[in-house]
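> pasting the sequence and the predicted model now:
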Amino acid sequence: MLRRHFMFLSASTLLAVGSGLARGEDGVPADPRKIIFLADTHIGAPAPRHSENLRGIVSEIISMNPRPGKIFILGDLAFSYGKTEEYQELKEILAPVEKAGIPIFFVVGNHDTRERMFEVFPEKKLEQAEIPGKQVGIIESEGVDFLILDSRLDDPREYMSQKKQFPHRQPWDGTMEAESIAWMEKHLPTYPRPLFVLAHHPISQTKIGGLLEKIPAVQGYLFGHEHKYLRQKSGELETFTFPTTSQRIHGKAEPNGFMELNICPEGFEFTLCALNDSHPLDGRKEVLPQKKI
Ligand SMILES: [Fe+2]
């Protein structure tokens with residue numbers, strides 16, 4: 001990791017000179033067209049290596065030049081079921097990023113408890129009047145906007161009570177409530193700028209691929225949950241599973257780490273930054289050409 005950013009530093013510092021990028025209090029520029037995605041951080045006392053991984057990623061982000069304009073965490077911030085102490089530990093780990101002035105946005109996962117998350121991070125709460133209690137909102141950004149959706153089951157016990165009829169159901173599954181779908185049907189078809197849709201659960205569970213592929217603004221669907229890296233298509237819709245930052249890797253061959261998005265003239269360039277520098281997917285790039293609206 002260190003070598004990659006050392007090499008990156010000299011070239012990008014030159015690019016930043018005179019480019020008018022916003023600067024943090026310490027003078028390091030931030031590029032609004034560079035975005036970092038973390039997923040499934042799973043912070044909690046029984047898993048100290050998860051915290052260690054995230055601390056390393058935080059210092060890697062802080063040492064970037066330019067720094068990213070925004071960071072998104074794609075759910076499962078907590079290790080257990082979203083205890084206050086887990087969010088307090090996360091807050092302490094993220095403090096250097098907050099201090100550097102890089103805005104961070106949260107997606108809710110099945111390991112999270114919204115009430116406790118927002119007790120510790122009240123400023124991260126998003127809400128739409130038509131979808132009370134759900135973490136849903138559009139984050140405007142340079143070159144592309146981001147729609148955060150909330151795919152967490154409201155009542156896993158009630159959901160599991162029908163396991164006899166639906167034997168494949170698991171309490172960690174996701175969903176998309178009718179209110180969120182109605183909100184998207186109302187607001188998205190005429191959305192005027194490119195948009196990525198973010199959620200914790202895969203589109204096979206949120207089942208909104210048919211809706212999203214018809215919306216001209218939507219460039220792709222980005223999610224976590226599966227603790228692996230995968231680019232796929234759901235109909236015409238591009239989807240990406242982003243890797244976990246934790247040690248709970250799905251299968252021995254999968255990477256853990258984070259994703260970097262750079263908005264370039266060619267389109268949206270995603271780079272996988274694996275924690276293990278020798279992982280074959282470390283540095284892998286995927287470019288999505290921008291869809292015309
Ligand atoms: Fe997870």
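Looks like it arrived, so ask away. Numbers count the residues shown, from 1 in each chain.

> flag every residue of the stretch 1-150 of the chain that's near the ion.
Asp40, Asp76 (Cβ under 5 Å from the ion). Backbone N, C-alpha and C define where each C-beta goes, glycine included.

> quick one: the helices in the stretch 1-150 of the chain?
Under the criterion DSSP state H, counting those that start in this stretch, helices of the stretch 1-150 of the chain are mapped to 2-16, 48-62, 84-99, 114-120.

> can you add mean pLDDT and give those back as TSV?
Below are those laid out as TSV (pLDDT from 0 to 100):
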stretch	mean pLDDT
helix 2-16	40
helix 48-62	98
helix 84-99	98
helix 114-120	98
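
> dump those to CSV, plus distance to His42.
Formatted as CSV, the helices of the stretch 1-150 of the chain follow (distance: least, Cβ to Cβ, whole Å):
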stretch, distance to His42
helix 2-16, 24
helix 48-62, 5
helix 84-99, 9
helix 114-120, 14
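
> dump these to a markdown table, plus mean neighbour count and distance to Met176.
Shown next, in a markdown table, are the helices of the stretch 1-150 of the chain (neighbours: other Cβ atoms under 10 Å; distance: least, Cβ to Cβ, whole Å):
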| stretch | mean neighbour count | distance to Met176 |
| --- | --- | --- |
| helix 2-16 | 12 | 37 |
| helix 48-62 | 18 | 28 |
| helix 84-99 | 17 | 25 |
| helix 114-120 | 16 | 16 |
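
> pLDDT at Ser19, what is it?
pLDDT for Ser19: 53.

> and if you look at Lys252?
Looking at Lys252, its pLDDT is 85.

> which SS class is it?
Put simply, Lys252 is coil when judged by DSSP: H, G, I helix; E, B strand; the rest coil.

> got any ranges where this structure has weak pLDDT?
1-20 (pLDDT under 70).

> how far is the lengthiest strand in it from where the chain is centred?
If you go by DSSP state E, the chain has its longest strand at strand 29-38. Distance of strand 29-38 from the chain centroid (Cα atoms, centre = their mean, to the nearest Å) equals 12 Å.

> contacting residues around the closest residue to the ion within the stretch 51-200 of the chain?
At 3.5 Å from the ion, Asp76 is the closest residue in the stretch 51-200 of the chain, using Cβ to the ion. Residues in contact with Asp76 (Cβ atoms under 8 Å, 6 or more residues apart in numbering) are Ala39, Asp40, Thr41, His42, Gly109, Asn110, His111, Asp112, His200, Gly224, His225, Thr244.
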